[in-house]
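Return atomic coordinates for the entry below.
(2 chains)
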Amino acid sequence: MNPLGTQLVNLFASLLLLIAFAMLSQRRIVTLINLFALQGLVLTGSTVTVAYVTGQGHLYYSGAITFVLKVLVLPYILHRLIRRLNVKWDIETLINIPTMMLVGIVLVVFAFNLALPISEFSRSIARGTLGIALACVLMSFLMMITRSKAVPQVIGFLAMENGLFFAATSATYGMPMVVELGIALDVLVGMVILGVFLFQIREQFDSLDIHHLEKLKDE
Amino acid sequence: MNLEGILAQLAAMLVALMAAPLLMGWVNQWRALLQNRRPPPLLQQFRALHKLFWKESVMAHEATPMYRVAPYAVFSLMLLAAMIIPTLSTNLPLAPAADAIALVGLFALARVFISLAAMDIGTAFGTLGARREMLIGFLAEPAFLMVLFTASLISNSTSLATIVENLGQRQLTIQPSLAFAGVAFTMVSLAENARIPVDNPATHLELTMIHEALLLEYSGRHLALMEWAAALKLFAYSCAGLALFFPWGVARENDHIALLFALPVLAAKLAAGGIALAVIETILAKMRIFRVPEFLATAFLLGVLGLLVHLLLGA
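Numbering: from 1, shown residues only, chains lettered A, B, ... in the order given. Sure thing, here's the model as predicted:
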């Protein structure tokens, strides 16, 4: 196998993990969106590398879809969304970053242990990265749990999909094209619907803090 | 232990003693240049040390022997630390005395001395500085240890000389774990050496200062020793970073030609590192002291990530 290819995939995997941590600890919404775009870019890089090394032609297409969707379209929609919602310079105040990072490290250790026996069965060049993909998914979960504003939660959801996609590429050289296209469309449509939701939430409560949704109203 | 080793060790000591103030002066020069100020001469640190050594040393009446001993202790600890880090050659007779973990211990011991001495006089500034120094040290040490553990895991040894030999011999591969460790190490050394995002080395009599607050009561030769020790600490950290992440050019045992080239290579690496430090200090602003735990938690996180990535990916 191509050692440089494996090294590159490992490098991209480590970058993904780093970006996941950066997103976890980022307070500003604008930077969060830029990090999401960067994550998409790294994902594209790793997909193309896997495609080149293994000669799997269809991975080039999924790399292209990833690039267009996750580096260009979704960040553009998100940027427009926060401009329209007027939350561009919002910062989330109540997150304890050192604690979040420690919880994140625990999640990474957990994910690595969980993935170790699974990746034994895999024959792909990037099987070691399955743990990292799992860790990215878990950290996006953590981000969705800990954030109280709606937009970071949406970004967490999108980042989780990135992690899943990376898991698919690293463990099994990608899903069938139909599934991949379906997921890509799902995410796009989900994003549009969530955007509408965000406007509705703000209309109702004058804020994007989703803690308002926990109370029942009888009107 | 042979004659050659002893000579190499002595050379390393002399280089450390002379290069430390030079490195400080070099960084100050570049910082002044980058900030559109007229740079001080390169030998300014030597002049300052010379001036301080000839000045009278004033003591507070309440000073205990602790206060008197601290500068000598701190200076010798820093010198020892600078001597066990392979700067020119990995053939160091003192190297078995302390491995990578004991190196962190040496720095910690120096910190304890300096903090106790600062609290000894009982001024508000000294106590304040000592507390902050302890806070930063307590957060920076785990991160530093994680960085060293990553390097130790890669080279299967905690001895600094062996680590450098192993890392220098490897063929060039992309090592994400070492990249993480490198960034973490940079953050830790900025914090430990009281450089800009954490402390401003150019400040005197400000409420935010840390390092200067510790030395506020010292004067004369004691102050000179403390300043020299601070320069040695910067030198030791720079050399540790260079040894871990750019281990090329350090001579191995019985390699005389490499030993000849080791000094120019070290000078070039230190010069580049000094410029990098000046650039970092120019483009960053000092952060609030309450943000420092976040900064160092990030360093710790990067260190742990390096460790985990190495364990998982073997890279």
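
what residue ranges in the chain score low on pLDDT?
By default, I'm working from chain A. Where chain A drops to pLDDT under 70, the residues are A:1-2, A:93-94, A:122-127, A:217-219.

meant chain B, my bad for not saying
For chain B, the ranges with pLDDT under 70 are B:1, B:205-206, B:253-254, B:315.

Could you list the residues of it in contact with chain A?
Listed as neighbours of chain A in chain B under the rule CB under 8 Å from any CB of the partner chain: B:173-174, B:176-177, B:179-180, B:293-294, B:297-298, B:300-302, B:304-305, B:308-309, B:311-315. Quick note: C-beta positions are derived from backbone N, CA and C, even for glycine.

repeat that for 6 Å
For chain B, the residues in contact with chain A (CB under 6 Å from any CB of the partner chain) are B:173-174, B:176, B:293-294, B:297, B:301, B:304, B:308-309, B:312-313, B:315.

mind listing the helices for chain A?
Remark: helices assigned in chain A by DSSP state H are A:3-24, A:29-54, A:57-66, A:74-85, A:97-121, A:130-146, A:150-172, A:177-205.

out of these, nearest to B:T282?
B:T282 sits nearest to helix A:29-54 of all the helices of chain A, at 22.4 Å, using CB to CB.

Out of the residues of chain B next to chain A, which two sit at the greatest distance?
Going by CB to CB, the pair spanning the residues of chain B next to chain A furthest: B:T173 and B:P293, at 34.4 Å.

quick one, which of these two is more surrounded?
Ranked by neighbour count (other CB atoms under 10 Å in any protein chain shown), B:T173 and B:P293 place B:P293 first, with 16 against 12.

Am I right that the more buried one is in a helix?
Yes - counting by DSSP: H, G, I helix; E, B strand; the rest coil, one finds B:P293 located in a helix.

Helix or strand for the most centrally placed residue in chain B, just tell me which one.
For chain B, the residue nearest the mean C-alpha position is B:Y237 (2.9 Å; CA atoms, centre = their mean). Per DSSP states H and E, B:Y237 falls inside helix B:220-245.

So which residue is smack in the middle of chain A?
Residue closest to the average C-alpha location in chain A (CA atoms, centre = their mean): A:A159, at 1.3 Å.

for residue 92, what are its contacts?
Since no chain was named, I'll use chain A. Contacts were defined as CB atoms under 6 Å, 6 or more residues apart in numbering or on different chains; by that measure A:E92 touches A:27, A:149.

To clarify, I was referring to chain B.
B:Q9.

Quick check: it vs B:L10, distance?
10 Å (CB to CB, to the nearest Å).

B:L106 too?
Distance from B:L106 to B:L10, by CB to CB: 20 Å.

For chain A, see how far away the most far-flung residue of chain B relative to its centre is.
Residue farthest from the centre of chain B, counting by CA atoms, centre = their mean, is B:H61 at 32.6 Å. From B:H61 over to chain A the distance is 42 Å, taken as CB to the nearest CB, to the nearest Å.

what about residue 140, neighbour count?
I'll assume chain A. Here the number of neighbours of A:S140 (other CB under 10 Å) works out to 24.

Oops, wrong one, chain B.
With other CB under 10 Å as criterion, B:A140 counts 26.

Leaving out sequence neighbours, find the closest residue to B:F107.
In this structure, B:F107 finds its nearest non-sequential neighbour in B:A81, 6.4 Å apart by CB to CB, 6 or more residues apart in numbering or on different chains.

host element of that neighbour?
Using DSSP H and E, B:A81 maps to helix B:65-84.

so what does that helix touch, helix or strand wise?
helix B:3-34, helix B:100-120, helix B:220-245 (3 or more CB pairs under 6 Å, 6 or more residues apart in numbering or on different chains; DSSP states H and E).

buried stuff in it?
B:67, B:70-71, B:73-75, B:77-84 (16 or more other CB atoms under 10 Å in any protein chain shown).

do stretch A:208-219 as well
A:L208.

cool, stretch B:42-52 as well?
So stretch B:42-52, judged by 16+ other CB under 10 Å, has buried residues B:45-46, B:48-49, B:52.

Around chain B, pick out the residues from chain A.
Contacts of chain A with chain B, taken as CB under 6 Å from any CB, map to A:7, A:10-11, A:14, A:97-98, A:101, A:105, A:108, A:112, A:128, A:131.
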